[in-house]
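K.L.:
my questions concern the predicted model and sequence given below.
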Protein chains: 2
Amino acid sequence: MRIGEAAALADVETSAIRFYEQSGVLPAPERTAAGYRDYTDEQVDLIRFVRRNRSLEIPLDDIRQMVELRIRGEAPCGVVRKVMAPEAAAIDSRIRELQELRAELKRLQTKAAEITDVWPEGPCVCHLVEAESGSKQED
Amino acid sequence: MRIGEAAALADVETSAIRFYEQSGVLPAPERTAAGYRDYTDEQVDLIRFVRRNRSLEIPLDDIRQMVELRIRGEAPCGVVRKVMAPEAAAIDSRIRELQELRAELKRLQTKAAEITDVWPEGPCVCHLVEAESGSKQED
DNA sequence: CTTGACCTTCAAGTAACTCGAAGGTTTATG
DNA sequence: CATAAACCTTCGAGTTACTTGAAGGTCAAG
């Protein structure tokens, strides 16, 4: 199949696929007589594999190593363990971070709603952010 | 105070402060005789304001507008509301995304632990990712 | 008076893509 | 068969939010 279909199946943009290939994360596929990239189902799986890892915010450099090993059929345990553990920790802390942000946002929204309630045209959300930003030295 | 202290207080890197100034998000501070940037406490608050907004993943372009209004003391309600509402939605969906990722990661880690349990030197985490990536057409 | 920590500017690099230009191919339709 | 729309190609540049490095100025301590 051509790149458009592959992209649709793997849920990435065609430009991203070309970028992955160009940066050595994905192997170059066969080409049709006309020079179009021609992907097999397996290769679509590989693209999906990359996309899935990316959605875990694993850097392309790490994914490249995993893809290489996966293609060679070698046991990637070592690399994957080395790569996976720190990534896991990183993602966990990232999530904790974002959860705090969500809590903060919730507070902001609540306050904003209250204020909008009291002064429909009145003093604004910006003061909330200022308050948040100014008052939390111990952040 | 000089940029180093300001950066420490606002919990950002000095290079980021210079970058914010250069890209028009922060106003240029006074300079000492020697040409060093000289920040007041208020300006540190402003830096903290920016950092705080950034930590909510609000783009600098939006922050710039809020900062401008904040400095002029104008009622930023319109802008802030326009900026805040979509940002809030974006952050919410980003968090939902990441929570899914966390769930996925948890599953991966659990499986990885199980496998490592059974074969301490054995087949690896990579197959998990492959399994995850290959089996979820309906993702 | 020199060492080291801090500051300056400017240019270039980074990640992970996206976008646009200029052009070739394939497919559907009249 | 013509031709227009939709798809593909490469290449280079742009994006965001910074960081890093080079080359050099300044200031406090020993």
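P.N.:
Thanks, I have the structure now.
K.L.:
ok, is whatever helix or strand A:Ile63 lives in in contact with DNA strand C or not?
P.N.:
Using DSSP states H and E, A:Ile63 sits in helix A:60-72. Yes. Taking Cβ under 7 Å from any atom of the strand as the criterion, helix A:60-72 and DNA strand C are in contact, through A:60-61. Placement of C-beta: from N, CA and C, glycine included.
K.L.:
again, but for stretch A:7-21
P.N.:
Yes. Stretch A:7-21 lies within reach of DNA strand C by Cβ under 7 Å from any atom of the strand, at A:13, A:15-16, A:18-20.
K.L.:
which residue is the nearest non-sequential neighbour of A:Ala7?
P.N.:
Nearest residue to A:Ala7, sequence neighbours excluded (Cβ to Cβ, 6 or more residues apart in numbering or on different chains): A:Thr14, at 4.6 Å.
K.L.:
what residues does that neighbour make contact with?
P.N.:
When contacts are counted by Cβ atoms under 8 Å, 6 or more residues apart in numbering or on different chains, A:Thr14 touches A:3-4, A:7.
K.L.:
so for the host helix or strand of A:Arg52, what gets flagged as buried?
P.N.:
Element membership for A:Arg52, per DSSP H and E: helix A:41-55. Applying a neighbour-count criterion of 16 or more other Cβ atoms under 10 Å in any protein chain shown, one finds A:43-55 buried in helix A:41-55.
K.L.:
what of stretch A:15-28?
P.N.:
A:16-17, A:20-21, A:25-26.
K.L.:
and those as a markdown table, adding secondary structure and pLDDT?
P.N.:
Rendered in a markdown table, the data for these read as follows (DSSP: H, G, I helix; E, B strand; the rest coil; pLDDT from 0 to 100):
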| residue | secondary structure | pLDDT |
| --- | --- | --- |
| A:Ala16 | helix | 96 |
| A:Ile17 | helix | 97 |
| A:Tyr20 | helix | 96 |
| A:Glu21 | helix | 96 |
| A:Val25 | coil | 95 |
| A:Leu26 | coil | 95 |
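K.L.:
hmm, stretch A:44-59 touching chain B?
P.N.:
Yes. Applying Cβ under 8 Å from any Cβ of the partner chain, one finds stretch A:44-59 touching chain B at A:45, A:48-49, A:51-53, A:55-57.
K.L.:
where's the dip in pLDDT among the residues you listed?
P.N.:
Lowest pLDDT of the residues of stretch A:44-59 next to chain B: A:Leu56, 71.
K.L.:
before I go, just wanted to say thanks for your time.
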